[in-house]
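Visitor: next one to model:
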Amino acid sequence: MIWRHLYNRYPLSYEHNYGGMVFPIAMYTTSTLQLSKAINLPILMVIPRFMVYIAIIAWTYVFISLLYHLYKNSKVDFKSISGGERV
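Guide: Presented below is the predicted three-dimensional model:
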């Protein structure tokens, strides 16, 4: 993602596969937290303590992008149904 959007300057817009990319971030964070508790290894808590914020930011971005994508597409569909005129 960093290479695609920062290096190649690809525009940041919603794509359906974003959910599949942010899901593992949250799952690895949660599983590392549970592993740290299960084997009583507090050093592993470093990972979930900062990754939880990255996961929340990523999920929030994907959710807001999805809502915007749906809103934008519903406006286009409404215009095509009504013949381009406001009802």
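
Visitor: where in the protein is pLDDT low?
Guide: The chain contains residues with pLDDT under 70 at 1-7, 9-14, 76-87.

Visitor: could you pull out the helices for it?
Guide: Here the chain has its helices, by DSSP state H, at 2, 18-38, 46-81.

Visitor: export these as TSV, with columns for distance to Asn8 and mean neighbour count.
Guide: Using the backbone N, CA and C atoms, a C-beta is placed for each residue, glycine as well. As requested, those are exported to TSV (distance: least, Cβ to Cβ, whole Å; neighbours: other Cβ atoms under 10 Å):
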stretch	distance to Asn8	mean neighbour count
helix 2	10	6
helix 18-38	17	14
helix 46-81	19	13
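
Visitor: separation between Tyr61 and Val52?
Guide: Distance, Tyr61 to Val52, using Cβ to Cβ, to the nearest Å: 15 Å.

Visitor: leaving out chain neighbours, which residue sits closest to Gly19?
Guide: Val62 (6.1 Å; Cβ to Cβ, 6 or more residues apart in numbering).
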